[in-house]
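Visitor: Mind folding the following:
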Amino acid sequence: MTGRPRHDWFQSDSDVVLTILKRNVPLDDCHVEISNENKITVKQGDEILFEGTLFSEVKNNDFTVQCTTAKIEIRLPKLIRHQRWNSLLSDGQGGAPTAPIAIPIPPSSTPSTTATTKKNWDAIEKEAVKAEEDEKLEGDAAVNKMFQKIYADASDDVRRAMMKSYSESNGTVLSTNWNEISKKKTETQPPACMEYKKF
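Guide: Alright, predicted model coming up:
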């Protein structure tokens, strides 16, 4: 699955939850198919994000899908409740779950200490957002991102000034001074080497 998004999974007595670390996937563009042979395929449009044959059977028509800004989460109800899956896929791929279900210990056995790890999804999402913010953009993309940040962090007056000046000037003026912009219409100011014409 080279080139595909990273994934993780965990299980409870009743469910297996598959998490695919793909950002900002619209729910209506995320397609999950589970065949009668337990093969699962997750797509965004025509792009395959994940596929494989599951370790055991699930209720094919009873799964749920949730898409957030950081990930896709697919909850698969187990056909056999309380069954422990040793891996996500039948060929052993997918690794051990991050949060294994508790297995009852017979009274005669000596309990052993087992460390279970759980993913901190809040931290992972913050890390992904930071990586996106640190991404180096060039040209128009960098300018657009800068204006988006100014607008997002601005006061209501600054936002009003930006919207009024930009729309009235046909995109040639962008002002943050509401005291000045509110008093008159912002005229179109094309670059020095150009002339503005109405069509």
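Visitor: domain parsing for this structure?
Guide: Listed by automatic domain parsing, the domain ranges of the chain are 1-92, 138-190.
Visitor: rank those domains by pLDDT, which is bottom?
Guide: Sorting the domains of the chain by mean pLDDT places domain 138-190 lowest, at a mean of 77.
Visitor: Torsion angles phi and psi at Gln83?
Guide: Backbone torsions for Gln83, taken as degrees, to the nearest 10, come to phi -80, psi 130.
Visitor: who touches it in this structure?
Guide: Neighbouring residues of Gln83 by CB atoms under 8 Å, 6 or more residues apart in numbering: Ser56. Just so you know, the C-beta spots here come from the backbone N, C-alpha and C atoms, and that holds for glycine as well.
Visitor: can you map out the helices along this structure?
Guide: 121-134, 139-153, 156-168, 178-181 (DSSP state H).
Visitor: Spell out which residues sit in contact with the closest residue to Leu49 other than its chain neighbours, please.
Guide: Excluding its sequence neighbours, the residue lying closest to Leu49 (CB to CB, 6 or more residues apart in numbering) is Val42, at 4.7 Å. Shown in contact with Val42 (CB under 8 Å, 6+ apart): 18, 20, 30-32, 48-51, 72, 74.
Visitor: how much space between Val42 and Glu57?
Guide: Remark: distance between Val42 and Glu57 (CB to CB, to the nearest Å) = 18 Å.
Visitor: How about Ile181?
Guide: Separation of Ile181 from Glu57 (CB to CB) stands at 64 Å.
Visitor: Of the two, which one has the most company?
Guide: Counted by other CB atoms under 10 Å, Ile181 and Glu57 do not tie: Ile181 has more neighbours, with 23 against 15.
Visitor: Torsion angles phi and psi at Ser12?
Guide: Here is the backbone geometry of Ser12 (degrees, to the nearest 10): phi -120, psi -170.
Visitor: Can you report how many residues lie near it?
Guide: As a burial measure, Ser12 scores 16 neighbours (other CB under 10 Å).
Visitor: Check the one 3 residues further on too.
Guide: Neighbourhood size, Asp15 [other CB under 10 Å]: 18.
Visitor: Hmm, it is touching Ile80, no?
Guide: No: if you go by CB atoms under 8 Å, Asp15 and Ile80 don't touch, sitting 12.0 Å apart.
Visitor: Strands of this protein, residue ranges please.
Guide: Secondary structure of the chain by DSSP state E: the strands cover 7-11, 15-20, 30-34, 39-44, 47-53, 64-67, 72-77.
Visitor: who does the first one pair up with?
Guide: In the sheet containing strand 7-11, its partner strands are strand 15-20 (antiparallel), by DSSP bridges.
Visitor: which parts of the strand it pairs with are buried?
Guide: Using 16 or more other CB atoms under 10 Å as the burial criterion, the residues of strand 15-20 that qualify are 15-20.
Visitor: Dump the C-alpha coordinates for it into CSV.
Guide: Below are the C-alpha coordinates for strand 15-20, written out as CSV (Å, rounded to 0.1, in the frame of the first residue of the first chain):
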residue,chain,number,x,y,z
ASP,A,15,-16.4,-3.3,17.0
VAL,A,16,-13.3,-2.8,15.0
VAL,A,17,-12.4,0.8,14.2
LEU,A,18,-10.2,1.6,11.2
THR,A,19,-8.7,5.1,11.1
ILE,A,20,-7.2,6.5,7.9
